[in-house]
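Engineer: What would the 3D arrangement of this be:
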Amino acid sequence: MAVEGGSKASEGSETLTASVVGGSGFTGGELLRLLDGHPNFEIAQATSRSAENKTIGSIHPNLRGRTLRFSDPADLESVDVLFAATPHGVAMERIDAFEDAADTVVDLSADFRLDTEEQYEEWYDGHSAPEYLEKSVYALPERNRKELPGAELIASGGCNATATMLGLGPLFDAGLLDGDEQVVVDVKVGSSEGGASGGAASSHPERSGIVRPYAPTGHRHEAEIEGEFGISVSFTVHAVDMIRGASATCHVFPDGPVSKKDLWSAYRDSYAEEPFMRIASGGGGVYRYPEPKAVAGTNYGDVGFELDPANKRIVVFSAIDNMMKGSAGQAVHAANIALGLEETAGLEFQGLHPVGAP
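Structural biologist: Model (predicted):
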């Protein structure tokens, strides 16, 4: 289905058609923004029941001037890649139709992130298409790059899980942790995590000025972290007064001695060749450690760490934009790799400074 020599692609490369199901939400808008500027994708269709026949710019004002209109999600066109930015439960119900419409499906909900039907019984409310779980490939390239080439069903990771795994991953890769240690994770997230529909807790008068624990225990993203590292993690999430961003602070208590040199070696070894990972760990200036404001609107993940030798504790910091590295950016990054495209294509935005609250 690929169209050779399209207007956006550079000479000798191919143009692929892409659709976004659920394009009127915040994440759907980010997907449309990324695909609109991508050198290898042409947007064929954006669907939305609530915004059918409206232009995408009428819902996403940063995309004003584009003539594409939202269409009915029941009428899917045949495309190379379909990105599903729908609420949990929708993709598993419509996965047959999605796969009929596209060679590659990238789901941004939680519907295909976990490995087994039993996990969905434990962490969600079951699964209506468990036969697809074995086929799906977890998207996060920094943890799963080798599995992505040629993948036909890709599951974009949860934003809170993504921030946590990017922070902890190098410690496991370097053998500084083996899974038996105590790991405590505290995540602060912006209001966009609640989606465009939001709710009473997301209204401005209720959200403004808060640091509100909304998942003290049992957050569903724990399942992704535990599945990746084989650990039991103590995980808490706070809603805070920002729009974009997820910031994870991880407290780790290793069994043996760890030096600052060990930590620098672990993070440099893991991320030296990663195009979207940066280390910010106690240097000079205002932004000495990772914070969401510095990555707002980008696909970057910033990580840092400090060592407290007095109580044998490693403190790990990580920051992402929840709608980019934690969702739409991760999805496009994974699709680039799956399809053999330049993996940074469409994701080169460096962010802004100074910038208001993300």
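Engineer: chain center to stretch 259-275: distance?
Structural biologist: Put simply, stretch 259-275 sits 22 Å off its chain's centre (CA atoms, centre = their mean, to the nearest Å).
Engineer: Now do the helices for the protein: every range, in order, please.
Structural biologist: Applying DSSP state H to the chain gives helices spanning 26-36, 56-59, 90-101, 117-123, 141-144, 159-173, 204-207, 222-229, 260-271, 329-338.
Engineer: TSV please, covering the ones you listed and showing distance to I320.
Structural biologist: C-beta: built from backbone N, CA, C; applies to glycine. As requested, the helices of the chain are exported to TSV (distance: least, CB to CB, whole Å):
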stretch	distance to I320
helix 26-36	13
helix 56-59	24
helix 90-101	22
helix 117-123	22
helix 141-144	11
helix 159-173	5
helix 204-207	20
helix 222-229	14
helix 260-271	14
helix 329-338	9
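Engineer: any idea which helix or strand of this protein has the worst average confidence?
Structural biologist: Within the chain, no helix or strand scores below strand 3-4, which has a mean of 34 by mean pLDDT, DSSP states H and E.
Engineer: Low-confidence regions, the stretch 251-358 of the chain specifically.
Structural biologist: 357-358 (pLDDT under 70).
Engineer: Would you mind measuring from K135 to E147?
Structural biologist: Separation of K135 from E147 (CB to CB, to the nearest Å): 12 Å.
Engineer: got it, and L166?
Structural biologist: Distance, L166 to E147, using CB to CB: 17 Å.
Engineer: Neighbour count: the two, which is higher?
Structural biologist: L166 (29 against 16; other CB atoms under 10 Å).
Engineer: so what's S208 up against?
Structural biologist: When contacts are counted by CB atoms under 8 Å, 6 or more residues apart in numbering, S208 touches D241.
Engineer: for E99, same thing?
Structural biologist: By CB under 8 Å, 6+ apart, the residues touching E99 are V105, E152, L153.
Engineer: Just those residues: which are in strands?
Structural biologist: Those of the contacts of E99 mapping onto strands are V105, L153, per DSSP state E.
Engineer: hang on, the earlier thing: which stretch in the helices of the chain has the least confidence?
Structural biologist: In terms of average pLDDT, helix 204-207 trails the rest of the helices of the chain, at a mean of 86.
Engineer: Packing partners of that one?
Structural biologist: Helix 204-207 makes packing contacts with no helix or strand when contacts are defined by 3 or more CB pairs under 8 Å, 6 or more residues apart in numbering; DSSP states H and E.
Engineer: picking up where we left off before, go through the helices of the chain and name the closest to D111.
Structural biologist: When those are compared by CB to CB, helix 90-101 sits nearest D111, at 4.3 Å.
Engineer: What is the neighbour count of the spatially closest residue to L148 that is not a sequence neighbour?
Structural biologist: Excluding the flanking residues, the one nearest L148 by CB to CB, 6 or more residues apart in numbering is I337, at 4.4 Å. Other residues lying near I337 total 22 when counted by other CB under 10 Å.
Engineer: S197 too?
Structural biologist: 11.
Engineer: Same question for G37.
Structural biologist: 14.
Engineer: Check F41 too.
Structural biologist: 28.
Engineer: returning to that earlier point: how far away is the residue nearest to L148 from L140?
Structural biologist: Distance from I337 to L140, by CB to CB: 11 Å.
Engineer: List the contacts of R220.
Structural biologist: Per CB under 8 Å, 6+ apart, neighbours of R220: A110, W123, Y124, G158.
Engineer: Can you give me the pLDDT of the closest residue to the last one other than its chain neighbours?
Structural biologist: Read that as G158. Leaving aside its chain neighbours, G158 sits nearest to H221 (4.2 Å; criterion: CB to CB, 6+ apart). For H221, the model assigns a pLDDT of 96.
Engineer: Equivalent analysis for the one 10 residues further on, please.
Structural biologist: At I231, the model reports a pLDDT of 92.
Engineer: Compute the number of surrounding residues for the residue lying closest to it once chain neighbours are set aside.
Structural biologist: When the adjacent residues along the chain are set aside, I231 lies closest to G179, with 4.7 Å between them (CB to CB, 6+ apart). Other residues near G179 come to 11 when the count uses other CB under 10 Å.
Engineer: mind giving me the domain ranges of the protein?
Structural biologist: Domains of the chain are assigned by automatic domain parsing as 3-135, 159-320.
Engineer: How many neighbouring residues does the closest residue in space to G150 that isn't next to it in sequence have?
Structural biologist: Spatial nearest neighbour of G150, excluding adjacent residues (CB to CB, 6+ apart): A338 at 6.5 Å. The number of residues packed near A338 is 23, by other CB under 10 Å.
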